[in-house]
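Asker: please find the sequence and the predicted model below.
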Amino acid sequence: MSSSFNQGVLVTIICEAVLQDRLVNLLKTLNASGYTIVQARGAGGHGRRMGDIAGYNTNIEVKTLVASEISDQLLEELKQFQATHALIAFRQKVEGLFD
């Protein structure tokens, strides 16, 4: 990786839209500097999620750039939501133009 770019960990969470407020609060608690949320459609192990009616059967994709240690904490905290909601999360080391 080039030292002329910032390095971090990109955490991507795809989950039910009803979790949005809880995820935002979690990110704030972990001092994540920012996040991006978009509506997501598709199919997977939890069936089709087409966003037919606002707030019902809809998914969101949440992305945040954090330090490695924060990504560990975040993924650990997300486990609690998997018991009752459709959720997948993954992380990637990235480099680029960000704070």
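Answerer: Received it, and whenever you're ready, just let me know what you need.

Asker: now do the contacts for the residue lying closest to Q20 once chain neighbours are set aside.
Answerer: In space, not counting the residues next to it along the chain, Q20 is nearest to I60; the distance is 5.8 Å by CB to CB, 6 or more residues apart in numbering. Heads up, the C-betas are built off the backbone N, CA and C, glycines and all. I60 sits next to I14, C15, E16, A17, L19, Q20, I37, V38, Q39, A40 when contact means CB atoms under 8 Å, 6 or more residues apart in numbering.

Asker: thought V38 was touching T58?
Answerer: No: counting by CB atoms under 8 Å, V38 does not reach T58; the two are 11.3 Å apart.

Asker: comparing these two, which residue is more hemmed in?
Answerer: Set V38 next to T58 and count neighbours by other CB atoms under 10 Å: T58 wins out with 18 against 9.

Asker: E69: what's it in contact with?
Answerer: Contact analysis of E69 by CB under 8 Å, 6+ apart lists nothing.

Asker: so where does it fall, helix or strand?
Answerer: helix 68-82 (DSSP states H and E).

Asker: for the residue nearest to Q20, what are phi and psi?
Answerer: With angles defined as degrees, to the nearest 10, I60 sits at phi -130, psi 160.

Asker: partner residues bridging it?
Answerer: Counting by DSSP bridges, I60 is bridged to C15, Q39.
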